[in-house]
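Trainee: let me see the structure of the following:
(chains A and B)
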Number of protein chains: 2
Amino acid sequence: MKTIRTFDVADMEDVAVGGAVLGTGGGGDPYIGKLMAQEAIRKHGPVRLADVGDLADDALVVPVCMMGAPTVMAEKLPQGDELMRAFGALEQRMGRKVDAVICIEAGGVNSTTPFVVAAASGLPLLDGDGMGRAFPELQMVTFTMFGVASTPMVLCDDKGNALVLDTISNQWTERLARAATVEMGGSALLAAYPMTGAIAKKSMVRGTLSLCARIGSTLRETRAAHGDPVAALCALLGAQTLFHGRIADIERKTVGGFARGRAVLNGLDQNRDQVLHLDFQNEFLIAERDGEVLVTTPDLITAVDAETGAPVTADGLRYGQRLVILAWPCDPIWRSKAGIDLVGPRYFGYDRDYLPLA
Amino acid sequence: MKTIRTFDVADMEDVAVGGAVLGTGGGGDPYIGKLMAQEAIRKHGPVRLADVGDLADDALVVPVCMMGAPTVMAEKLPQGDELMRAFGALEQRMGRKVDAVICIEAGGVNSTTPFVVAAASGLPLLDGDGMGRAFPELQMVTFTMFGVASTPMVLCDDKGNALVLDTISNQWTERLARAATVEMGGSALLAAYPMTGAIAKKSMVRGTLSLCARIGSTLRETRAAHGDPVAALCALLGAQTLFHGRIADIERKTVGGFARGRAVLNGLDQNRDQVLHLDFQNEFLIAERDGEVLVTTPDLITAVDAETGAPVTADGLRYGQRLVILAWPCDPIWRSKAGIDLVGPRYFGYDRDYLPLA
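Mentor: Residues are numbered from 1 along each chain as shown, chains lettered A, B, ... in the order given. From the prediction side, this is the model:
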């Protein structure tokens, strides 16, 4: 398979920054995944990025990811071995060699975890993922919309326990894997959604890992050139600036494993005298300015430091921070009825319809 | 393999009564398992009981059972198919044919569930089990003391979901299977603890299924002959009568999936002016008369109707019932340090040592 580019240890810095931007406030800290990926690359050599278009239709493709509470992951750093154990066990269960690794999500910690398996196995990593961003539940992937079963799935913990799931729906996989992850101490590593090259071609959100790297390098280079990192980021993403303001209040509660809450920002500059409400459930899901809804999930909302353009997660929101809130349209695949049913505002319990961002 | 005896549809009535007696107040309602077993025998023919001593040392033996809250099982009657699915999946995982089926526990619902698999598979059922009574957790089996791993284990629900567990300890199996069972709706069916004939010979509590049948027939025949069923039961079990009294109070709470509580009995006849406290956590665990501990787990405590000798579960305790409380020694295998660590009073949170019943 043709290699688009390779990723070495230093390149992972850019990818992790991009993963935090596409993480839309959630998805877990890419810092952890970055450390794991760098360790694996140091040990096994660079990761090759490949295009799904170059893959044979009958190839076997397997996504890997971390599951659980971002705060737990930060305290209980996985070694990377668990990912390879899950991957190896799924390969064995499938009874054939895997041809390529892919990302479940391009946002958050799982933008970088698959680099561990790609490095350790020597397999190419496909440029893209199953979300084009981050979402909190296992069934919230484009693969679900194309009828890909999430099982057989292998779930491993840091202690040496392993589960193989065979479920009747991807929603059931989420339920059973979530319960197991909680019992395993709050985080686990998994390989799931085995699929053919043909299905991967149809269902993947393409180019998102290249984009992650480009987001990181754009911010880094613009800062070095004393440019405007936020403007450069907007240009790269095709994002609009929703709001420029300072955090005045944050409400948080943990409900059913979700970090739910709402941040209130008081406007600055062009948003002077305006107020923005930002609702999050791990990810930022709804932005409302002076009572008017501006953006809803699955369109992407990200908070960045007004000065440096550095992404700020929902966990990292603090009183007084000066932020710019950016938004841009999701991949068109999510805008279907099936997509909105899976990841639209109503699924998250909000009593409002999806409002497509222009 | 030599057949000790066979069990037809009618025989299951006796087994279920015996299972309730050995259930020591818990273990789930054998009525449900009886219905499943009778259905399977009707469909596939009688079950052959065999002695583990006649088994080849390299034979493969697999226990099957139901896991979960007895109250849920009663409302969500399993079809029996789930048991065969779990059994079949474990057989496939082991890569060879199973030679005999055994019971995890001789008390409660799981004294009868393995008859379903024995009938449907045509395999012999071994006369014995892994407890000689009922206990609430998966690792609480004599097999654990002989180093038998509970995994690979297959757990199936009524909807069609299945899990294969590979854990680092039988305690971890309990934790992960319990979490999955709760998520599956409160009950699940499983095949686990695959073991050789040699290990089964060393670790099984033998003869407990014959004993179940004999308990049922003894009670039935003694009633028919207008004899004293409680006295007949005591003679059969080598049990002593701890107390004869009437339920004056019952305290119940559900803690971590356990039906915990304490019943207070006011004495009658020879126990007049005495009070018995009966502590339960699913099973009856401690009996205390006028402040003096008489019996503790793992010795067996059972409550029977004073008139008919019919066993009464902890769930079935009601104000005003006239009961006789019986107790008899557990299998010697439980009296080792390892046994007491696994199922003694301290494991259940009581601040007292095991008091071996004479």
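Trainee: packing partners for the strand ranked longest in chain A?
Mentor: Across chain A, the longest stretch assigned as strand under DSSP state E is strand A:240-255. Helices and strands touching strand A:240-255, by 3 or more C-beta pairs under 8 Å, 6 or more residues apart in numbering or on different chains; DSSP states H and E, are helix A:229-237, strand A:258-267, strand A:275-281, strand A:283-289, strand A:322-328. Every residue, glycine included, has its C-beta placed from N, CA and C.
Trainee: for B:Val275, which of those is the nearest?
Mentor: strand A:258-267 (49.8 Å; C-beta to C-beta).
Trainee: returning to that earlier point: so for chain B, which of the helices and strands packed on strand A:240-255 sits nearest?
Mentor: strand A:258-267 (16.8 Å; C-beta to the nearest C-beta).
Trainee: that closest one vs strand A:283-289, what angle?
Mentor: In terms of direction (axes from the mean of the first three to the mean of the last three C-alpha atoms, to 10 degrees), strand A:258-267 departs from strand A:283-289 by 30 degrees.
Trainee: show me what counts as buried in strand A:258-267.
Mentor: A:Phe258, A:Ala259, A:Arg260, A:Gly261, A:Arg262, A:Ala263, A:Leu265, A:Asn266, A:Gly267 (16 or more other C-beta atoms under 10 Å in any protein chain shown).
Trainee: circling back: and the helices and strands packed on strand A:240-255, which one averages the lowest pLDDT?
Mentor: Per-segment mean pLDDT for the helices and strands packed on strand A:240-255 reaches its minimum on strand A:258-267, at a mean of 92.
Trainee: re earlier: so which of the buried residues of strand A:258-267 reach chain B?
Mentor: Checked against chain B using C-beta under 8 Å from any C-beta of the partner chain, the buried residues of strand A:258-267 yield no neighbours at all.
Trainee: nearest to B:Leu49 among the residues you listed?
Mentor: Closest to B:Leu49, out of all of those and judged by C-beta to C-beta, is A:Phe258, at 52.1 Å.
Trainee: and the closest one, how far is that from A:Arg252?
Mentor: A:Phe258 sits 11 Å away from A:Arg252, taking C-beta to C-beta, to the nearest Å as the criterion.
Trainee: same check on A:Thr173?
Mentor: From A:Thr173 to A:Arg252 the distance is 28 Å (C-beta to C-beta).
Trainee: count residues in the vicinity of A:Asp353, would you?
Mentor: 12 (other C-beta atoms under 10 Å in any protein chain shown).
Trainee: list the contacts for it?
Mentor: By C-beta atoms under 8 Å, 6 or more residues apart in numbering or on different chains, the residues touching A:Asp353 are A:Thr296, A:Gly344, A:Pro345, A:Arg346.
Trainee: and with 7 Å instead?
Mentor: A:Pro345 (C-beta atoms under 7 Å, 6 or more residues apart in numbering or on different chains).
Trainee: so what's it scoring on pLDDT?
Mentor: 96.
Trainee: can you check A:Gly257 too?
Mentor: 66.
Trainee: what's the answer for A:Asp57, then?
Mentor: The model's pLDDT for A:Asp57 equals 98.
Trainee: show me which residues of the stretch 151-300 of chain A sit near chain B.
Mentor: A:159-168, A:172, A:175-176, A:179-180, A:182-183 (C-beta under 7 Å from any C-beta of the partner chain).
Trainee: at 10 Å what do you get?
Mentor: Residues of the stretch 151-300 of chain A lying close to chain B by C-beta under 10 Å from any C-beta of the partner chain are A:151-157, A:159-169, A:172-173, A:175-184.
Trainee: show me the shaky parts of chain A.
Mentor: Low-confidence segments of chain A (pLDDT under 70): A:70-80, A:256-257.
Trainee: ok, the residue lying farthest from the centre of chain A - contacts?
Mentor: Computed with C-alpha atoms, centre = their mean, the residue of chain A farthest from its C-alpha average is A:Asp273, at 33.5 Å. Neighbour list for A:Asp273: A:Asn266, A:Gly267, A:Asp290 [criterion: C-beta atoms under 10 Å, 6 or more residues apart in numbering or on different chains].
Trainee: am I right that it sits in a strand?
Mentor: No. With DSSP: H, G, I helix; E, B strand; the rest coil as the criterion, A:Asp273 is assigned coil and is not in a strand.
Trainee: number of nearby residues for A:Asp279?
Mentor: Neighbours of A:Asp279 (other C-beta under 10 Å): 23.
Trainee: what residues are bridge-paired with the nearest residue to it once chain neighbours are set aside?
Mentor: What sits nearest to A:Asp279 in space, not counting adjacent residues and going by C-beta to C-beta, 6 or more residues apart in numbering or on different chains, is A:Ile286, at 4.3 Å. With DSSP bridges applied, A:Ile286 shows beta-bridge pairing to A:Asp279, A:Thr296.
Trainee: pretty sure A:Ile286 is touching A:Ala263, no?
Mentor: No. Using C-beta atoms under 10 Å, A:Ile286 is not in contact with A:Ala263; the gap is 11.3 Å.
Trainee: follow-up on the earlier one: which residues are in contact with each of A:Phe258 and A:Arg252?
Mentor: In contact with both A:Phe258 and A:Arg252: A:Phe280, using C-beta under 10 Å, 6+ apart.
Trainee: what residue is smack in the middle of chain A?
Mentor: Geometric middle of chain A (C-alpha atoms, centre = their mean) lands on A:Gly107, at 2.2 Å.
Trainee: all helices of the stretch 51-200 of chain A, in order?
Mentor: Under the criterion DSSP state H, counting those that start in this stretch, the stretch 51-200 of chain A carries helices at the ranges A:70-75, A:81-94, A:113-121, A:142-145, A:170-183, A:197-203.
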